[in-house]
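**Q** sequence and computational prediction follow.
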Amino acid sequence: MQEEPLVLPSKVPHLLVNGTQGIAVGIATKIPPHNLVEVVAALKALVDNPDVTSAQLMKHVPAPDFPTGGELIVSPETQAAYETGNGSVLLRATAQIEYEGSGRRKAGAQSKRSAVSSMEEDAAAAGGKALIVFTEMPYQVCKSDLVQRIAELVESKALDGIADVRDESDRTGVRLVVEVKRNFSHELVLNQLYKNTRLQLKFAANMVALVNGVPRTLTLKDFLQHFLDFRVDVVERRARHRLAKAEARLHLVEGLLLALDRLDQVVQAIRSASDGPAAKASLVSGFGLTEPQAEGVLAMTLRRLTGLEAGKLRDEQQQLTATIGDLKGLLGSRERVLKVVMDEAEVVAAKHGRPRRSKILLDQSGAPAAESDIREEDVIPNTPSLITVSSRGFIKRMPTTDWEAQKRGGKGKSAGRLRDNDALEDVLSVMAHNTLLFLSASGRAFSVKAHKVPEATRTAAGSAVSQVLGLPAPEHFPTLLPVSSFSDEDARLVLSTTAGGIKCTQLSAFQKIKKNGLGAIKLDEGERLAAGALARPGSTVILASSGGMVAHFSLDTVRVSGRTAGSIKGMKLKPHESLVSMTVLPPDLAQLVAAAQAATKAADDAEDDDNRSSDSSPQQEQEQHEDAVSSSSSKDTGPWLLLITSKGHGKRVPLDGISIKKGRGTQGITGIKLGAGDSLALAQLVMSRDDDVVLASRQGVMIRCSAADIRAMGRQGKGVRVISLNEGDEVQTVAVVPAEHKTALA
């Protein structure tokens, strides 16, 4: 009778090493493969310390090991897979960067890895295209399907910067080549491929196995513990089986030796018996043998009767006695059983073990990388753009290259198809990775990434701000601010109101803005938010009124208040005037301006009283002093405050010509002479003559000109015509495109 085995006595935990996946009615399992050497090492750790945790076992089994290699990014989800039985690991293809015709390569390319600048220079000098070469694929990813998918994404323009994709794999290994277009970042293209194709995927682990016929979700320790219990049972059952066979053989050998010692009597008894059963009965009754021993004596051949054979039987008796003692000792000692289990497992690992194929990505500290997903910023180029917002709440994003610089006084270009009774409200120069901080006229803050603003052509009308921000109803936003980081504790958000109020709050208070916005300032009845800006301690503030007056004072005179607090007096306004603009000077620039003003004042004080007008009032003397400053070399070197009136006139006033007052809440000084019916529209900071200025009117006409084309002059000047406006039209917004953004476009 033959029996079918229920289990096979595996010496290593094949369920972990090979992995498996399957699905049944209401039950599914997906166990990733692991490295044999690492699993055996973890098994030894469990044997040495039965109280070891799954987290401690991860020192030996840090992550799965896939037969196709690739790169693994270990995250808390991976630890959860081993500690709870449910989790995931991020698996991506192994890539290296080569350069067409250079014969050189940069290995191990991935997001957030250091660049080899010399290689980039060599590639640029050689003029060769960058090639992204994938040498290892993620587990269970088909190359042919992957090539087809990449081609489809390129054709649909979902992937940019790819000139060609081809499979150059042969018997030497995998080689999938993606050719990058010239002037495109291969790191950016690589991240796009990882994000949009199966070159990067999550392997979701569901560690379900049958334990005594019952499906259970197991941790890493559970897997090893159940296997260890199984192996202990196998070794003990094997030892008991061998012990039984050894004892049976020893019993037979002892019977044979007894028969040899009384050979003549045994032969006489057998010869006198009538048949076999009678002889067997005679041996049992006459010599004290058992039935198995008697059967063995009757089956013994004459050759076994020699003295040599008798010696062999005695040697076998000694060996069997020793074997039986060893097996009994093994069965009586769990430590010895565990040693047998580990010895046999280590023999298999030494014979069949291989180095890890899947590489675990590490951060700079040497710990497993914590970030498992590619952020949107990793696949979106950080390019400069113009953001335009209309008064009726329509927004769009345009590359700054859509606006070529023109000479001042031109008619400009159309900024877009504006809807009826609509006008441009704001124009902002941003980078794609900035966070746009929207400040509503009602005093609430909203935010969205700049790259999430829909890109549109120059003549398009744009999308509704409420739709971009996900608002249930339209809002009016007088200020948009590009923010690169909210975590800087020294960063401040400065707000000004139409009534001349000012408020300073820590920017970190706006780090987590909900979908329905966040209160930024408490406003009085009839008061609206006029402007907002970013600042740091030591900054100075320039407030400008519609009457052409400017007030310059230190931000340190404005106490830092809570997010929901109201404003304090910043500038005293005349009747029927309102605050139209606020400019914040960073601390280093504020110090330079203050030093220049102090040096000029000291020089003036040293002059003889005869050189001064004896009839001049203190106010007139102050204005003469500031005009003298404005006529100095700073007029040509900057920085300047750009003042633009509603009728299209403007000028650049050197900042050292606008004195810094000791306190806030003053009426200010004249910033620009206004003609009849004219008013100050906006004031902006210009740092370089190479900056560009973008003006937009209420009727949707936009012009871009160089800052150098707008004349620099003193505060008392009326300025020059910057833009020619139609009858009834007036300037609505002014934006400055910094020179560094222009350089990035070169």
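**A** That came through, no problem.
**Q** what helix or strand does the nearest residue to S385 once chain neighbours are set aside sit in?
**A** Spatial nearest neighbour of S385, excluding adjacent residues (C-beta to C-beta, 6 or more residues apart in numbering): R397 at 5.0 Å. Where you see a C-beta, it was placed from the backbone N, CA and C, and this is true even at glycine. Assessed by DSSP states H and E, R397 sits inside strand 394-399.
**Q** from the chain's centre, how far out does the biggest helix by length in the chain sit?
**A** The longest helix of the chain (DSSP state H) is helix 220-261. Put simply, helix 220-261 sits 57 Å off its chain's centre (C-alpha atoms, centre = their mean, to the nearest Å).
**Q** so after that helix, what's the next helix or strand?
**A** helix 263-272.
**Q** what residues does whatever helix or strand comes next after that next one touch?
**A** Sequence-wise, the next helix or strand downstream of helix 263-272 (DSSP H and E) is helix 276-287. Outside of helix 276-287, the residues within contact range by C-beta atoms under 8 Å, 6 or more residues apart in numbering are 258-259, 262, 265-266, 269-270, 272-273, 289-291, 293-295, 297-298.
**Q** now name the helix or strand holding the closest residue to V448 other than its chain neighbours.
**A** Excluding the flanking residues, the one nearest V448 by C-beta to C-beta, 6+ apart is L436, at 5.4 Å. Using DSSP H and E, the element containing L436 is strand 435-439.
**Q** name the residues that touch the helix or strand following that strand?
**A** For strand 435-439, the following helix or strand on the C-terminal side (DSSP H and E) is strand 444-449. Defining contact as C-beta under 8 Å, 6+ apart, one finds that strand 444-449 is touched by 376, 433-440, 468-469, 471, 475, 477, 483, 510, 513, 517-520.
**Q** make it 6 Å
**A** With contact meaning C-beta atoms under 6 Å, 6 or more residues apart in numbering, strand 444-449 is reached by T435, L436, L437, F438, L439, L469, F510, I513, G517, L518, G519, A520.
**Q** could you check how far the residue nearest to V448 is from E346?
**A** 60 Å (C-beta to C-beta, to the nearest Å).
**Q** ok, now L131?
**A** Distance from L131 to E346, by C-beta to C-beta: 44 Å.
**Q** please apply the same query to P9.
**A** In terms of C-beta to C-beta, P9 sits 16 Å off from E346.
**Q** comparing the two, which residue is more hemmed in?
**A** With neighbours defined as other C-beta atoms under 10 Å, P9 and E346 compare such that E346 has more, 18 against 13.
**Q** circling back to that earlier point, now the buried members of the contacts of strand 444-449.
**A** T435, L436, L437, F438, L439, L469, F510, I513, G517, L518, A520 (16 or more other C-beta atoms under 10 Å).
**Q** beta-bridge partners for the fifth one, please?
**A** When bridges are assigned using DSSP bridges, the partners listed for L439 are A445, T479.
**Q** mind listing what it touches?
**A** So L439 contacts A445, T479, L529, G532 (C-beta under 6 Å, 6+ apart).
**Q** over to V154?
**A** V154 touches I162, counting by C-beta under 6 Å, 6+ apart.
**Q** how close does it get to D160?
**A** From V154 to D160 the distance is 8 Å (C-beta to C-beta).
**Q** tell me the pLDDT at I97?
**A** I97 is assigned 88 on the pLDDT scale.
**Q** and it, that's in a strand?
**A** Yes. Assessed with DSSP: H, G, I helix; E, B strand; the rest coil, I97 lies in a strand.
**Q** about what we covered before: so how far is the strand holding R397 off the chain centroid?
**A** Taking mean C-alpha positions (C-alpha atoms, centre = their mean), strand 394-399 and its chain are 27 Å apart.
**Q** circling back: which of the contacts of helix 276-287 are buried?
**A** L258, A259, V266, A269, I270, A273, L289, Q293, A294, E295, V297.
**Q** quick check: the farthest pair among those residues?
**A** Greatest spatial distance among the buried ones among the contacts of helix 276-287 (C-beta to C-beta): L258 and A273, at 17.9 Å.
**Q** re the thing from before, what's the angle between the longest helix of the chain and helix 276-287?
**A** 90 degrees (axes from the mean of the first three to the mean of the last three C-alpha atoms, to 10 degrees).
**Q** how about stretch 349-364 as CSV, C-alpha atoms only?
**A** Provided in CSV are the C-alpha atoms of stretch 349-364 (Å, rounded to 0.1, in the frame of the first residue of the first chain):
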residue,chain,number,x,y,z
ALA,A,349,21.5,29.0,0.8
ALA,A,350,25.3,28.5,0.3
LYS,A,351,24.6,26.3,-2.8
HIS,A,352,21.8,28.2,-4.5
GLY,A,353,22.0,31.7,-2.9
ARG,A,354,22.8,34.8,-5.1
PRO,A,355,23.4,38.4,-4.4
ARG,A,356,20.4,40.7,-4.2
ARG,A,357,19.2,41.8,-7.7
SER,A,358,16.7,44.5,-6.8
LYS,A,359,18.6,47.6,-5.5
ILE,A,360,17.2,49.4,-2.5
LEU,A,361,17.5,53.2,-3.0
LEU,A,362,19.1,55.0,0.0
ASP,A,363,19.0,58.6,0.9
GLN,A,364,22.1,60.7,1.9
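**Q** for it, buried residues please.
**A** Neighbour count says stretch 349-364 has A349, G353, R356, S358, K359, I360, L361 buried, by 16+ other C-beta under 10 Å.
**Q** in helices, which of the residues you listed fall?
**A** Those of the buried residues of stretch 349-364 lying in helices (DSSP H): A349.
**Q** and the helices in the stretch 1-150 of the chain, which stretches?
**A** Per DSSP state H, counting those that start in this stretch, the stretch 1-150 of the chain carries helices over the ranges 14-18, 36-48, 54-57, 76-84, 117-126, 143-155.
**Q** just name the most buried of those.
**A** helix 36-48 (a mean of 21; mean count of other C-beta atoms under 10 Å).
**Q** wait, V694 sits on C705?
**A** No. Using C-beta atoms under 6 Å, V694 is not in contact with C705; the gap is 8.4 Å.
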